[in-house]
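>>> coordinates only, sequence not included:
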Ligand code: ZN
Ligand code: FE
């Protein structure tokens, strides 16, 4: 199986997974890079997986569906242009001979879903849309801090070697923020240096892994004393509970330059 991040717009990745013959794509915000890649590799598109309703994730949906006849899957609780098969938490779908489990991850949008499959060439794989980014998380457009925290906790409980396919290359700016929160986190310092080199070569920093994100992502680390201290330093009214710390860190990120 080959996993390819197709760059689109400013900083999106449209993830393509294929076995040399058949392919699936996640969140086709733009049709052109998807159709070009299918043609380049000689692939038949079998499935389109949609995580949420934002335009940079569905803008190319109709054109890709029309050009390929691929089956479309998307969240039941969001308005996605049909025809599509609506999915809810715990549902399973089959594509490329793999079984994908649907996980509800509200917060960025109200009905956002993620897709998890346990074994692609020996490792689990997660398509998480705009919920989890490397060293960061999506903005809370339609959800509460407690909802987003619960969604991220669910993703953080997946196996450590799960490859994480996020849909934006926000890693360097997220890492700058993460370093402001946890300047003494040695894993974070090392990983930031690594990513600067990767980006200097023009390569994607993704996929990440769940194990790595647990060590470097402040939004998965709201129980760490250093993260609690940073939240309190930013806003003295921050409450001890995890949702309070999460809300303060998310607010701090919104204001971070
Ligand atoms: Zn989005
Ligand atoms: Fe997006």
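Right, received. Where do you want to start? Only a predicted model underlies this, so the values are computations on that prediction, with no experimental measurement involved. Ligands and ions are numbered 1, 2, ... in the order given.

>>> ligand 1 contacts on the stretch 1-150 of the chain?
By Cβ under 5 Å from the ion, the residues of the stretch 1-150 of the chain that approach ligand 1 are 54, 130. Heads up, the C-betas are built off the backbone N, CA and C, glycines and all.

>>> up against ligand 2, what does the stretch 1-150 of the chain have?
Within the stretch 1-150 of the chain, the residues that sit near ligand 2 (Cβ under 5 Å from the ion) are 56, 130.

>>> now do the strands in the stretch 1-150 of the chain.
Counting by DSSP state E, counting those that start in this stretch, the stretch 1-150 of the chain has strands at residues 2-8, 12-18, 22-26, 44-49, 71-75, 85-87, 92-95, 98-104, 113-120, 123-129, 132-133, 136-137.

>>> which elements pack onto the last one?
Under the contact criterion of 3 or more Cβ pairs under 8 Å, 6 or more residues apart in numbering; DSSP states H and E, the helices and strands touching strand 136-137 comprise helix 171-181.

>>> re earlier: okay if I get the strands of the stretch 1-150 of the chain as TSV plus mean neighbour count, mean pLDDT and distance to residue 193?
Shown next, in TSV, are the strands of the stretch 1-150 of the chain (neighbours: other Cβ atoms under 10 Å; pLDDT from 0 to 100; distance: least, Cβ to Cβ, whole Å):
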stretch	mean neighbour count	mean pLDDT	distance to residue 193
strand 2-8	16	98	22
strand 12-18	22	98	22
strand 22-26	24	98	29
strand 44-49	22	98	33
strand 71-75	23	98	37
strand 85-87	17	98	39
strand 92-95	15	98	37
strand 98-104	19	98	32
strand 113-120	20	98	29
strand 123-129	23	98	25
strand 132-133	27	98	19
strand 136-137	26	98	18
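
>>> with distance to residue 180 added, can I get these in JSON lines?
As requested, the strands of the stretch 1-150 of the chain are exported to JSON lines (distance: least, Cβ to Cβ, whole Å):
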{"stretch": "strand 2-8", "distance to residue 180": "27"}
{"stretch": "strand 12-18", "distance to residue 180": "25"}
{"stretch": "strand 22-26", "distance to residue 180": "31"}
{"stretch": "strand 44-49", "distance to residue 180": "34"}
{"stretch": "strand 71-75", "distance to residue 180": "33"}
{"stretch": "strand 85-87", "distance to residue 180": "37"}
{"stretch": "strand 92-95", "distance to residue 180": "40"}
{"stretch": "strand 98-104", "distance to residue 180": "30"}
{"stretch": "strand 113-120", "distance to residue 180": "27"}
{"stretch": "strand 123-129", "distance to residue 180": "24"}
{"stretch": "strand 132-133", "distance to residue 180": "16"}
{"stretch": "strand 136-137", "distance to residue 180": "12"}
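
>>> so which of those strands comes closest to residue 156?
With Cβ to Cβ as the criterion, residue 156 lies closest to strand 132-133 of the strands of the stretch 1-150 of the chain, at 8.3 Å.

>>> list the strands paired with that closest one, with their directions.
strand 136-137 (antiparallel) (DSSP bridges).

>>> please compute how far the partner strand lies from its chain's middle.
9 Å (Cα atoms, centre = their mean, to the nearest Å).

>>> contacts for that strand?
The contact list for strand 136-137 (Cβ atoms under 8 Å, 6 or more residues apart in numbering) reads 107-108, 131, 148, 152, 170-171, 174, 177-178, 217-219, 250, 253.

>>> hmm, 6 Å instead?
If you take Cβ atoms under 6 Å, 6 or more residues apart in numbering as the criterion, strand 136-137 is touched by 170, 174, 219.

>>> same thing with stretch 64-74?
Identification of contacts with stretch 64-74 by Cβ under 6 Å, 6+ apart yields 28, 31, 34-35, 45-50, 80, 84-85, 87, 93.

>>> thanks a lot, see you next time.
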